[in-house]
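Q: Coordinates for the following, if possible.
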Amino acid sequence: MPDTTSLKSLKHVSPGEIKANPENPRLVFRQEEMEALMRSIDAHGIQVPLTVFRDSDGYTLIDGERRWRCATKLNLRAVPVLVREKPSELENLVLMYNIHALREQWDYYTIASKLERIIQLYYEDNGTRPSETTLSELTGLSRGAIRRCQLIVDLPSRFKKLLRAELEKPKAQQKLTEDFFLEMEKSLKTVTRRITEYEPRIDEIRDTLVKKFQAGIIPAVTDFRHLSKIATAIDGLGVAQKTARRALDSVFDANRKTSIRDAYEATVQFGYTEQKVGRYATSLSDFIDSVFQEDKREELDDDLLNDLKQLYQRLRRLLEN
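A: As a prediction, the model looks like this:
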């Protein structure tokens, strides 16, 4: 972690003396958010000083590019800054991650855009790639966040462009969100691990899933979790790979309107429901045993007793037929 004790006293400098940091991971500055911040600064001034370092031709930002942009548009004569010693490139990136982590969550696309550079610089300084734990300690990101960033990093460039365009929109207008790509990629990793024959077709499959989502055939990003369940059922529920492949093929076929839910319900939903009912049955059996062992039958609620009687009658009919 960089030495934060090198921060110096507060100064006020002209926005014109400050330049953007070329290593800033933040890529997206949404218009409505910038306008809201500009109104706040116009009314109340800049409440949190910018963090900068002195350079040969002025100051370079470490934190506060949105405030700096707003101050420039508002033609403010001076802005408050905290000046620290010029960091190394790795310290520069790590500082921006950690300072920002104290306030609000960046988009994963933003985080991922510079994470690979941090890994490269760490390797150059230390001769080894940082582990997930080390990367987490450096950046202040959770290990789960780092894994999600890697999924974004590994996306084909055309999807990164789509995602970047979506992130420029107001949140309410975004459709192909980070959550969409994260859920799709996690499910496809599970599918290709279980059925390796899909790996060569993975780009074609991605394109089909994107189109089906845009057309509403896949109505929710969480539907992708059902793809994982179809693939894992090959082992866990004894579903034949041939059956699972037929279901997945229909989802991955751009000319068919099969949804993920359709495929899930036709193949493995009943099996997963059986598993769930089995767990409930075990819990109910344990509960009934405890009632008798502790002699608490008289304490049972009348409504519960009535429900148990109805369940008993239904089970008798099921077992007798």
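
Q: Nearest residue to residue 248 in space, please, no chain neighbours.
A: residue 230 (6.2 Å; CB to CB, 6 or more residues apart in numbering). Bear in mind the C-beta positions are built from the backbone N, C-alpha and C, glycine included.

Q: what residues are up against that neighbour?
A: 191, 239, 244, 247-248, 263-264, 267-268 (CB atoms under 8 Å, 6 or more residues apart in numbering).

Q: Format these as TSV; extra columns: distance to residue 181, pLDDT and secondary structure.
A: Compiled in TSV, the contacts of residue 230 are given as follows (distance: CB to CB, whole Å; pLDDT from 0 to 100; DSSP: H, G, I helix; E, B strand; the rest coil):
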residue	distance to residue 181	pLDDT	secondary structure
191	15	94	helix
239	27	65	coil
244	24	83	helix
247	23	90	helix
248	19	93	helix
263	20	91	helix
264	20	89	helix
267	25	85	helix
268	24	78	coil
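
Q: Quick one: the helices in the stretch 1-150 of the chain, in order.
A: 31-44, 65-73, 89-101, 108-126, 132-139, 143-153 (DSSP state H, counting those that start in this stretch).

Q: Output the below-cut-off pLDDT ranges for the stretch 1-150 of the chain.
A: Along the stretch 1-150 of the chain, the model assigns pLDDT under 70 to residues 1-8, 27, 100-106.

Q: rewinding a little: okay if I get the helices of the stretch 1-150 of the chain as CSV plus distance to residue 178 and mean neighbour count?
A: Formatted as CSV, these follow (distance: least, CB to CB, whole Å; neighbours: other CB atoms under 10 Å):
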stretch, distance to residue 178, mean neighbour count
helix 31-44, 16, 13
helix 65-73, 20, 19
helix 89-101, 17, 19
helix 108-126, 5, 18
helix 132-139, 18, 16
helix 143-153, 7, 17
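
Q: Is it possible to get those out as a markdown table so that each row also shows distance to residue 56?
A: Shown next, in a markdown table, are the helices of the stretch 1-150 of the chain (distance: least, CB to CB, whole Å):
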| stretch | distance to residue 56 |
| --- | --- |
| helix 31-44 | 29 |
| helix 65-73 | 19 |
| helix 89-101 | 16 |
| helix 108-126 | 22 |
| helix 132-139 | 28 |
| helix 143-153 | 33 |
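
Q: circling back to that earlier point, next, the residue nearest to residue 248: phi, psi?
A: The phi/psi pair for residue 230 (degrees, to the nearest 10) reads phi -60, psi -40.

Q: State the distance from it to residue 183.
A: Note on residue 230: its distance to residue 183, by CB to CB, to the nearest Å, is 15 Å.

Q: Residue 279 and residue 285, how far apart?
A: From residue 279 to residue 285 the distance is 11 Å (CB to CB).

Q: Enumerate every residue touching residue 12.
A: By CB under 8 Å, 6+ apart, the contact list for residue 12 reads 78-81.

Q: how about those residues in JSON lines, adding neighbour count?
A: Output for the contacts of residue 12, formatted as JSON lines (neighbours: other CB atoms under 10 Å):
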{"residue": "78", "neighbour count": "13"}
{"residue": "79", "neighbour count": "25"}
{"residue": "80", "neighbour count": "17"}
{"residue": "81", "neighbour count": "26"}
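
Q: got JSON lines for these, with distance to residue 297 too?
A: Formatted as JSON lines, those follow (distance: CB to CB, whole Å):
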{"residue": "78", "distance to residue 297": "79"}
{"residue": "79", "distance to residue 297": "74"}
{"residue": "80", "distance to residue 297": "72"}
{"residue": "81", "distance to residue 297": "74"}
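
Q: Residue 178: how many residues sit nearby?
A: Using other CB atoms under 10 Å, residue 178 has 20 neighbouring residues.

Q: Likewise for residue 211?
A: Other residues within reach of residue 211, judged by other CB under 10 Å, total 12.

Q: Counting by contacts, list what the helix or strand containing it packs against.
A: Taking DSSP states H and E as the definition, one finds residue 211 inside helix 202-214. For helix 202-214, the elements it packs on are helix 157-167, helix 178-194, helix 241-252, judged by 3 or more CB pairs under 8 Å, 6 or more residues apart in numbering; DSSP states H and E.
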